[in-house]
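Enquirer: Just a sequence and a predicted model for now, questions to come.
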Amino acid sequence: MTPATSHSIQPLLRKLIRTGIGRFRFLMGTIGMGVAVFFILLAVQTFLNFNELLHGKRNENETADFLVINKEVTAARQTNKALSAFTTAEIDSLRQQPFAEKVGQLASSNFSVNVSSYSDAFPFYTDAYFESVPDEFIDVKSEAWKWAPGQRDLPVIIPSFFVDLYNTGMAMSQQNLPQLSMEALKLLPLRVAVKGQGREAEWVGHIVGASDRLNSILIPQSYMEWANQQFGYQQQKLATRIVLKTQDPSDPALVKYLADRSWRTNADKTRFSKVRTIVNWIVGIVGGIGVVMLLFGLLVFSLFIQLTIAASRPDIELLKTLGLSRQTLHRFLMQQFMPVHLVIMLAVLLALSGLQWALQSVLTGQGMHVAATINPYTVAASLLVLVLIWLTNRGTIRQYLRQ
């Protein structure tokens, strides 16, 4: 059959096919495939959004990436302080975990510390203890954060919640105590008296900043190492607390690792692990539903094509007898079904784009960020689904035209 004849026969073929399909069956098949494609692409986009919320640069929260870890106090550890310290093997094991980016030790002072004020206008006296940590784990940046032997000035970093507790608690409950801003605290000199091994010494402390990350009174490592040698009641270094830098504090593997060893950390930073596990299950379930519905949709459309050909078989056989080639029929049937799938895919992508834009608007108001458009991987997944649909249609049509 010539191309001109083939072109002239297409209106007749289209009429025969439409009669065999039926509008209702065509509509139901289209809706079923559309829902299946929507669910599977929704699962892909949901997973990508969740991954961006956890690891995207715009969602990085520096304070949530650092965990201070200590061992839980037990009856045995109450009477033996050494058991509360981390061994070298335990620290090395933690460093080798996939969720651990960096691990540092918080060194404690092994000597008595008293901190008091020089000013009668702001009198206070308290026993205290110091800790130090490598500078890379400190969130306060100051040029004054350094110390060398012979230096009488001692830089100090205090926890932010100390300042809040004082200003909202002590200062508000005492008539003669003023509230102090961080700028005022930096100007306030402190008398730092240390004692140990029969020796005593005094330094002038200056607060150089407040840490939101570490709830410790921090001093430079150089001072801690020197002072522990001079005043420390024991020379053995005991790492009772370690700081862990991790990209995902809610990683279930991290939470399980700590729980299995009875190690404790700030539960507020890791409690999202349960939520994340639930969300992972939900994403997996949505993805599973999408896959099942896609397979079901492919089956429905395969049966749909089979029924269409079967309903039109007498007319198709007549056209084949009159000289219409199998290749022409195959090409025509593919042209009838694939455009429908393209329209379904475009409609699903448009619907997902609208949902993504709405989600981005809501999350931005909550201080979280996702892209306003659907992820390129979602578009790639839609193309993969289209290829799968095309192969299914092609195989079904070829099989039934051979019969």
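Expert: It's in. Numbering: from 1, shown residues only.
Enquirer: contacts, neighbours, all on C-alpha from now
Expert: Noted.
Enquirer: which one is A253 nearest to, not counting chain neighbours?
Expert: Excluding its sequence neighbours, the residue lying closest to A253 (C-alpha to C-alpha, 6 or more residues apart in numbering) is F99, at 7.8 Å.
Enquirer: do N228 as well
Expert: Leaving aside its sequence neighbours, N228 sits nearest to N110 (C-alpha to C-alpha, 6+ apart; 5.8 Å).
Enquirer: wait, isn't the one you found in contact with Q230?
Expert: No - taking contact to mean C-alpha atoms under 8 Å, the distance of 9.9 Å between N110 and Q230 leaves them out of contact.
Enquirer: residues touching G209, list them.
Expert: G209 sits next to 140, 142, 156-158, 182, 186 when contact means C-alpha atoms under 8 Å, 6 or more residues apart in numbering.
Enquirer: same thing but 6 Å
Expert: For G209, the residues meeting the contact criterion (C-alpha atoms under 6 Å, 6 or more residues apart in numbering) are I157.
Enquirer: Mind listing the residues bridging to it?
Expert: Listed beta-bridge partners, G209: I157 (assigned using DSSP bridges).
Enquirer: What segments of this protein are strands?
Expert: Under the criterion DSSP state E, strands of the chain are mapped to 66-71, 102-108, 112-117, 125-128, 131-132, 153-159, 189-196, 199-211, 241-245, 263-264.
Enquirer: Between N110 and Q230, which is the more surrounded one?
Expert: Neighbour totals were compared for N110 and Q230, and N110 leads with 24 against 18 (other C-alpha atoms under 10 Å).
Enquirer: Tell me the spacing between the more buried one and W226.
Expert: With the distance defined as C-alpha to C-alpha, to the nearest Å, N110 ends up 11 Å from W226.
Enquirer: ok, now F130?
Expert: For F130, the distance to W226 under the criterion C-alpha to C-alpha works out to 13 Å.
Enquirer: And the helices in the stretch 251-400 of the chain, which stretches?
Expert: With helices called from DSSP state H, counting those that start in this stretch, the stretch 251-400 of the chain shows them at 252-260, 267-270, 272-311, 313-321, 326-365, 376-402.
Enquirer: Quick check: buried residues in the last one?
Expert: Within helix 376-402, the residues that qualify as buried by neighbour count (16 or more other C-alpha atoms under 10 Å) are 378-379, 381-382, 385-386, 389-390, 393-394, 396-397, 401.
Enquirer: The residues you listed into CSV, with extra columns for distance to Q221 and pLDDT?
Expert: Listed next are the buried residues of helix 376-402 as CSV, based on distance: C-alpha to C-alpha, whole Å; pLDDT from 0 to 100:
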residue, distance to Q221, pLDDT
T378, 49, 88
V379, 52, 91
A381, 52, 86
S382, 55, 87
V385, 58, 83
L386, 61, 85
I389, 64, 79
W390, 66, 83
N393, 70, 74
R394, 71, 79
T396, 73, 72
I397, 76, 72
L401, 81, 67
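Enquirer: quick one: which of these is nearest L190?
Expert: Within the buried residues of helix 376-402, the smallest distance to L190 is 59.2 Å, found for T378 (C-alpha to C-alpha).
Enquirer: can you pull the contacts of that closest one?
Expert: Q45.
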